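Visitor: this one's structure only:
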């Protein structure tokens, strides 16, 4: 029985061999046809890519030009091998906005007639900074100030005034030349450009009166264009600014935000040096020229000159400034030329012990406005002579507590009045 099974198996193997060989030939033929078809398809796709890439080889090479260390740009064949995906250049990153905030709370009391003691909320400030490109940046400053007439009137006034204090776009050509446009703190003295809104930035509770926000002695805000130049000058580091823009508004404490009140642009020049060998020292001067048309008054020619000496090492800190406002009535040739004078000297010293948290300070300030100054009599600027004595205690790197005493008088022959202030100021 077993020999019959073996013989039958051998017979069927010999019979099936020709069929297996025929099937293998058919499979090989089929594979060859598939491969040939794929090669033809690849050739067609390569030709299509070449046709699409052909009309703009120069533009593509310019858009995707590699750096010297980078690999060469992909060829059409490589693009075909990458399933024909065209890699577009990455879009430029959008603006990166950074926000810093400042605020303060105060308690004050005075023996000056008509004043009240109590707590007050200082300005709520936001500083906005954004780099629009490696050479273009934006700086903005917003303030919210509490109103004493909040809730009165119909409709009732809001509790806070919102104000755009600064809005500046600047183009940095290089470290030595910059140009900007916008609303500035007028760069005609040191304090006005070094200490902006946010009482934490400055040593004292408040600014000197000659440069107070909302004050009239100098134009605190300026709307226009500014050119900034910095030159090494053999280690002297000479800086100067030249600006042109709108002058004072009809209300001289305001800038010409909505447009100049006349066809005469205001201009200014500010120059100062910062020697390398005397780090922290700055000495400079400024000049400002404008034609003012105050409400209810004649046209006034205004010429303000100022100078400053600053030492900011904190051991000690010295800030001294003087400004002269020269006013001339342009409607008559007989009116006298008036010169109003203001200056202050502030000294502070950060004590080396107790973790250097304590910083006592003293300031003397003076303002004299003659009766012949038509502009400052029409929109009054008060005379002042007085001392400020205080101490600042840094609660942390971002918060401070200040105690301040003032003794001042408004005019010769008038009594002195005394005031006390406690302020907590901070940044966030």
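Guide: In hand now; what should we look at? It should be emphasised that the depicted structure is a prediction, and the values quoted were computed from it without experimental measurement.

Visitor: The closest residue to residue 368 other than its chain neighbours is in what secondary structure piece?
Guide: In space, and not counting its chain neighbours, residue 368 is closest to residue 341: 5.0 Å by Cβ to Cβ, 6 or more residues apart in numbering. C-beta coordinates here come from the backbone N, C-alpha and C atoms, glycine included. For residue 341, the element it lies in under DSSP states H and E is strand 338-348.

Visitor: Determine the set of other helices and strands touching that strand.
Guide: strand 317-329, strand 358-368, helix 374-378 (3 or more Cβ pairs under 8 Å, 6 or more residues apart in numbering; DSSP states H and E).

Visitor: Pairing partners for the second one, with directions?
Guide: Using DSSP bridges, the neighbouring strands of strand 358-368 in the sheet come out as strand 338-348 (antiparallel), strand 384-396 (antiparallel).

Visitor: Now render these as a markdown table, adding mean neighbour count, distance to residue 301 and mean pLDDT.
Guide: Formatted as a markdown table, the strands paired with strand 358-368 follow (neighbours: other Cβ atoms under 10 Å; distance: least, Cβ to Cβ, whole Å; pLDDT from 0 to 100):
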| stretch | mean neighbour count | distance to residue 301 | mean pLDDT |
| --- | --- | --- | --- |
| strand 338-348 | 20 | 11 | 98 |
| strand 384-396 | 17 | 25 | 98 |
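
Visitor: Export the ones you listed as JSON lines, with columns for distance to residue 207.
Guide: As requested, the strands paired with strand 358-368 are exported to JSON lines (distance: least, Cβ to Cβ, whole Å):
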{"stretch": "strand 338-348", "distance to residue 207": "10"}
{"stretch": "strand 384-396", "distance to residue 207": "11"}
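
Visitor: Residue 290 is nearest to which of these?
Guide: Minimum separation from residue 290 across these (Cβ to Cβ) falls at strand 338-348, 14.7 Å.

Visitor: ok now the closest one, how far from the chain's centre?
Guide: 28 Å (Cα atoms, centre = their mean, to the nearest Å).

Visitor: Please enumerate the helices of the chain.
Guide: 2-53, 57-63, 76-81, 190-194, 374-378 (DSSP state H).

Visitor: follow-up on the earlier one: between the helices and strands packed on strand 338-348, which one is nearest to residue 394?
Guide: Nearest to residue 394, of all the helices and strands packed on strand 338-348, is strand 358-368, at 7.5 Å by Cβ to Cβ.

Visitor: Measure how the closest one sits relative to strand 317-329, angle-wise.
Guide: Angle between the axes of strand 358-368 and strand 317-329 is 20 degrees (criterion: axes from the mean of the first three to the mean of the last three Cα atoms, to 10 degrees).

Visitor: if we look at strand 358-368, which residues are touching it?
Guide: For strand 358-368, the surrounding residues in contact (Cβ atoms under 8 Å, 6 or more residues apart in numbering) are 203-204, 208-210, 217, 314, 317, 340-351, 381-394.

Visitor: at 7 Å instead, please
Guide: 203-204, 208-210, 217, 340-351, 383-393 (Cβ atoms under 7 Å, 6 or more residues apart in numbering).

Visitor: again, but for stretch 157-173
Guide: Outside stretch 157-173, the residues that touch it by Cβ under 7 Å, 6+ apart are 135-147, 149-151, 178-185, 197.

Visitor: Report the mean confidence score over that stretch.
Guide: For stretch 157-173, the mean pLDDT works out to 96.

Visitor: Run a quick neighbour tally on residue 214.
Guide: For residue 214, the neighbour count with other Cβ atoms under 10 Å is 8.

Visitor: From residue 123, how far out is it?
Guide: 11 Å (Cβ to Cβ, to the nearest Å).

Visitor: just residue 97 next, same as before
Guide: For residue 97, the distance to residue 123 (Cβ to Cβ) stands at 21 Å.

Visitor: Give me the more crowded residue out of these two.
Guide: Using other Cβ under 10 Å, the more surrounded residue of residue 97 and residue 123 is residue 123, with 20 against 11.

Visitor: Residue 146 is in contact with the more buried one, correct?
Guide: No: using Cβ atoms under 7 Å, residue 123 is not in contact with residue 146, being 8.3 Å away.

Visitor: which neighbours do these two share?
Guide: Contacts common to residue 123 and residue 146, judged by Cβ under 7 Å, 6+ apart, are absent.

Visitor: where does this protein dip in pLDDT?
Guide: Within the chain, the ranges that satisfy pLDDT under 70 run 1-39, 41-42, 45-93.

Visitor: related to what we said a few turns ago, of the contacts of stretch 157-173, grab the buried ones for PyMOL.
Guide: Remark: buried members of these, expressed as a PyMOL selection using 16 or more other Cβ atoms under 10 Å:
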select buried, resi 137+138+139+140+141+142+143+144+145+178+180+182+183+184+185+197
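
Visitor: Report how far apart the opening and closing residues of stretch 307-322 are.
Guide: Start and end residues of stretch 307-322 are separated by 6 Å (Cα to Cα, to the nearest Å).
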